[in-house]
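> sharing a model prediction with you, sequence too.
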Amino acid sequence: MIARLAIAAAWLAAAAWPQQNWPYKPEDLWAFQPLGQVPAASIDGLLQPAGPPVDRVTLIRRLTFDLHGLPPAPQEVDAFVRDPAPDAFGRLVERLLASPRYGERWGRHWLDVTRYADTDGYSNDYERPNAWRYRDYVIHSFNQDKPYDRFILEQVAGDELDSSSPENVIAAGFLRMGPWEQTSMSVAAVTRQAFLDDVTHSTATVFLGLTAGCARCHDHKFDPLPAREYYELQAAFASARFEQRAAPFLDRENRAGFEEQAGRIQELARRNEARLEDLHRVIRERMGGAPKNAVDRAVRTLQTLTPAEFEHTKVYRKRLELYRRELDRYRPLAYSVSALRPAPDTFLLQGGALGSPGERVAPGVFRVAWRFLDRAKAELPEAPEGRRLALARWIGDPHNPLTARVMVNRIWQHHFGRGLVETPNNFGKMGKRPSHPELLDWLAGEFIRSGWSVKHMHRLVLASRAWQGKLEPRRMEAETLRDSILAVTGEISLDAGGPGTFPEINDDVAQQPRHIMGTMAPVYLPSPARRQRNRRSIYTYQKRTLIDPVIEAFNGPSLNDSCERREAATVPAQAFTLLNSRFARDMALAFAARLEREAAGRGAQVERAFRLAFSRAPDAAERSKSLDYLDRMTAHHRAHPAAPPAPRRPVVRTMITEQAGRPVEVAEDEDPAPYQPNLHPSQVGPETRALADLALVLINTNEFVFIY
């Protein structure tokens with residue numbers, strides 16, 4: 001067997017592409033070549049002539065969704081439509097860019113690419129209690145228009161740049177955003193290598209648009225990325241170790257309600273501590289006296305407890321462990337890294353196998369990016385300190401042709417729905433070539449000349465006739481759809497930042513059993529207060545193994561893989577979600593209540609509903625059909641009164657015991673905080689319920705769900 005492995009390793013080593021002959025076509029290496037000089041250019045000068053601009057209602061609606069991910073308020077639409085000043089559009093752009101909503105919208109795009117989540121993933125999916133601080137760092141960075149090269153430095157090497165800065169330490173959490181798990185049954189060296197492979201590939205993908213992971217086992221088959229250089233790049237991360245670092249809270253970080261939220265979890269922990277103490281008392285009573293040590297306790301537990309009691313012990317211990325972990329959300333800690341001293345050696349792994357190390361390699365970068373430039377290859381230090389910092393500076397070097405191209409392409413994609421390069425994470429041979437290479441290079445040059453300002457790039461794109469003309473309609477992203485429903489119903493909470501909140505989801509999803517380390521995980525508990533449940537989607541808790549069904553149905557991002565572009569597949573579950581889910585029904589009723597508060601009479605309510613949902617008034621036919629529908633549905637609801645809500649009952653699980661193979665029941669923890677329910681149909685009259693039916697129709701239309 002060993003001989004066969006040696007033969008296979010030798011074959012893989014011999015299979016390397018003959019780099020010395022440089023077997024790559026120039027057209028396949030376009031992304032590595034210097035930015036082309038395009039003098040006196042503009043977006044409209046480098047694209048086909050655009051058609052006439054869209055009407056002003058469509059324009060403000062499109063712009064507000066682009067920059068905020070929310071619909072414009074009716075008064076904002078009216079003000080823009082009536083403003084004849086030549087600079088009206090420019091002032092609108094500046095107002096939207098200056099709002100905190102901008103960072104929430106564009107931060108979401110970045111979090112897609114970096115795979116942000118509040119949990120580890122895999123089977124146990126443990127919480128990352130302080131990951132929310134990285135999410136808030138990203139949002140803040142976009143809001144303050146942090147120069148992109150600085151943004152790179154802080155995420156790749158913030159701790160090496162200045163470890164005394166809490167923001168830098170938080171930013172370095174980027175390196176740990178991928179799924180990862182280490183348990184008592186894991187081999188530490190294997191999970192460590194999994195992290196190194198993940199962070200090497202992720203860094204190259206996010207910032208450089210390279211599929212570097214393909215070079216883990218052998219030289220890249222299509223791009224000039226040798227396996228040796230892959231491991232040289234990986235050596236830059238060899239000195240990074242996981243650390244939950246002390247990082248004082250920043251003034252801008254939202255800590256409102258920390259004491260109350262922590263108290264809620266402490267009460268859940270206290271209940272389970274009391275249950276465990278009751279079981280330990282049983283052990284002492286049956287065996288006589290307290291256990292001498294942990295081993296004695298374990299033996300007595302097995303000998304004295306019934307199978308059901310033993311399972312309860314496991315459940316309560318696991319709950320206690322998880323609740324204590326959750327309390328770290330409210331402590332000034334950062335989910336980050338620090339530098340090892342000394343750094344372990346990095347070896348070229350034959351076939352990517354940890355058990356087949358080849359020669360030792362020194363820290364380095366992909367040489368191809370410098371092949372076409374009259375500059376020496378960037379050098380990374382051998383010393384463990386500063387390796388990542390040197391790498392980050394190489395990535396953000398204005399002479400590096402990849403970095404600016406990749407980022408301006410991402411910006412273009414989010415404004416037009418499709419990038420100039422349609423594969424934003426792959427600028428290699430197997431990716432798409434740019435549809436307008438001169439435009440891509442001009443934009444990249446402008447990005448660098450502006451001091452790496454993302455907001456400057458928005459201004460360029462949004463001022464173009466290409467963007468202001470007719471575009472292909474795009475369905476809202478999942479979070480934009482959920483947030484827009486909350487916005488038009490008046491239920492949205494614009495509280496920003498802080499630990500993730502838990503929206504209300506259908507019981508069949510919330511109460512599904514979840515396994516964790518040999519026992520059951522606690523049931524999903526929605527946030528007790530509506531103000532917390534109805535925050536923007538970017539602030540909801542991102543659990544890798546339990547996605548909000550609304551987000552999942554509408555092609556939300558993968559939390560395990562870098563999401564370069566949102567899909568817009570159409571599947572039946574989307575119709576069921578918008579028509580029948582608890583979220584849609586509750587929000588439709590809230591929408592109706594808002595309409596009754598803000599408008600008197602059926603005609604005015606229909607007018608207000610269309611203005612809120614579509615940013616326009618209904619035409620005569622729509623008004624007539626809506627009023628007729630309201631009459632019919634009011635009569636229906638008078639004949640069919642709504643039953644009161646069923647009382648919330650404790651959730652009881654049944655599991656099979658490990659010892660005896662028998663079923664045992666375990667009650668889930670009830671939330672100690674008082675629950676603030678949504679408005680229920682039984683609490684309103686038939687007229688309001690009919691208005692809710694109309695509201696439900698409106699949020700299910702293409703005009704609501706698509707951006708034009």
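Arrived safely.
> quick check: phi and psi at the closest residue to residue 31 other than its chain neighbours.
The shortest distance from residue 31 to any non-neighbouring residue, by C-beta to C-beta, 6 or more residues apart in numbering, is to residue 427 (3.8 Å). Where C-beta positions appear, they are placed from N, C-alpha and C, glycine not excepted. Main-chain torsions, residue 427, degrees, to the nearest 10: phi -100, psi 20.
> ok, residue 427 touching residue 33?
No - using C-beta atoms under 8 Å, residue 427 is not in contact with residue 33; the gap is 11.2 Å.
> how about the contacts made by the nearest residue to residue 214 once chain neighbours are set aside?
Leaving aside its sequence neighbours, residue 214 sits nearest to residue 220 (C-beta to C-beta, 6+ apart; 4.9 Å). Residues near residue 220 by C-beta atoms under 8 Å, 6 or more residues apart in numbering: 17, 211, 212, 214, 226, 227, 230, 428.
> follow-up on the earlier one: pLDDT score assigned to the residue nearest to residue 31?
You'll see residue 427 listed with a pLDDT of 97.
> would you quantify the distance from it to residue 433?
Residue 427 sits 9 Å away from residue 433, going by C-beta to C-beta, to the nearest Å.
> between those two, who's got more neighbours?
Set side by side, residue 427 and residue 433 show more neighbours around residue 427, with 25 against 15, by other C-beta atoms under 10 Å.
> all strands of the stretch 101-250 of the chain, in order?
Taking DSSP state E, counting those that start in this stretch to define them, one finds strands in the stretch 101-250 of the chain at 240-246.
> C-terminal to the worst-scoring helix or strand of the chain on mean pLDDT, what's the next element?
Here the helix or strand of the chain ranked lowest by mean pLDDT, DSSP states H and E is helix 2-14, holding a mean of 42. Later in the chain than helix 2-14, the nearest helix or strand by DSSP states H and E is helix 43-46.
> by contact count, what packs against that following helix?
Counting contacts by 3 or more C-beta pairs under 8 Å, 6 or more residues apart in numbering; DSSP states H and E, helix 43-46 packs against helix 437-449, helix 465-468.
> quick one: the spatially closest residue to residue 642 that is not a sequence neighbour from residue 274, how far?
For residue 642, ignoring the flanking residues on the chain, the nearest one in space by C-beta to C-beta, 6+ apart is residue 681 at 3.8 Å. Residue 681 is 39 Å from residue 274, where distance means C-beta to C-beta.
> pick out whichever of the two has more residues nearby.
Applying other C-beta under 10 Å to residue 681 and residue 274 shows that residue 681 carries more neighbours, namely 20 against 10.
> re the thing from before, what's the overlap in contacts for residue 427 and residue 433?
Common neighbours of residue 427 and residue 433 (C-beta under 8 Å, 6+ apart) are residue 421.
> show me where the stretch 451-600 of the chain has strands.
When assigned using DSSP E, counting those that start in this stretch, the strands of the stretch 451-600 of the chain occupy the ranges 474-475, 515-516, 519-520.
> and of the ones you listed, who's closest to residue 591?
strand 474-475 (20.5 Å; C-beta to C-beta).
> so which elements touch the closest one?
Partner elements for strand 474-475 (3+ C-beta pairs under 8 Å, 6+ apart): strand 706-707.
> which other residues reach the strand it packs on?
The contact list for strand 706-707 (C-beta under 8 Å, 6+ apart) reads 61, 62, 65, 66, 473, 474, 475, 476.
> name the SS class of the second one, please.
Classification of residue 62 by DSSP: H, G, I helix; E, B strand; the rest coil places it in helix.
> I'd guessed it sits against residue 708; true?
Yes - under the criterion of C-beta under 8 Å, residue 62 makes contact with residue 708 at 6.7 Å.
> just to revisit the earlier point, report pLDDT for the residue nearest to residue 214.
So residue 220 comes in at 94 (pLDDT).
> quick one: neighbours of the closest residue to residue 426 other than its chain neighbours, just the number.
Closest residue in space to residue 426, ignoring its immediate chain neighbours: residue 211 at 5.4 Å, by C-beta to C-beta, 6+ apart. For residue 211, the neighbour count with other C-beta under 10 Å is 22.
> who touches residue 211 in this structure?
Applying C-beta under 8 Å, 6+ apart, we find residue 211 in contact with 201, 204, 205, 220, 223, 425, 426, 428, 430.
> tell me how far the first one lies from residue 230.
Between residue 201 and residue 230 the distance, using C-beta to C-beta, works out to 9 Å.
> which of those two has more residues huddled nearby?
Set residue 201 next to residue 230 and count neighbours by other C-beta under 10 Å: residue 230 wins out with 29 against 22.
> the more buried one is in contact with residue 215, isn't it?
Yes - if you go by C-beta under 8 Å, residue 230 and residue 215 touch, sitting 3.8 Å apart.
> for residue 245, find the nearest of the strands of the stretch 451-600 of the chain.
Closest among these, using C-beta to C-beta: strand 515-516, at 26.0 Å.
> the closest one packs against which elements?
For strand 515-516, not one helix or strand is in contact under the criterion 3+ C-beta pairs under 8 Å, 6+ apart.
> now with 10 Å?
Judged by 3 or more C-beta pairs under 10 Å, 6 or more residues apart in numbering; DSSP states H and E, strand 515-516 is in contact with helix 307-326.
> please name every helix or strand in contact with the helix it packs on.
helix 258-287, helix 294-304, strand 515-516, strand 519-520, strand 652-656, strand 663-667.
> can you give me the helices for the stretch 451-600 of the chain?
Remark: helices assigned in the stretch 451-600 of the chain by DSSP state H, counting those that start in this stretch are 454-462, 465-468, 478-489, 507-510, 530-533, 549-553, 572-580, 582-598.
> out of these, which is the most enclosed?
helix 478-489 (a mean of 24; mean count of other C-beta atoms under 10 Å).
> now do that helix against helix 572-580, angle only.
If you take axes from the mean of the first three to the mean of the last three C-alpha atoms, to 10 degrees, helix 478-489 sits at 20 degrees to helix 572-580.
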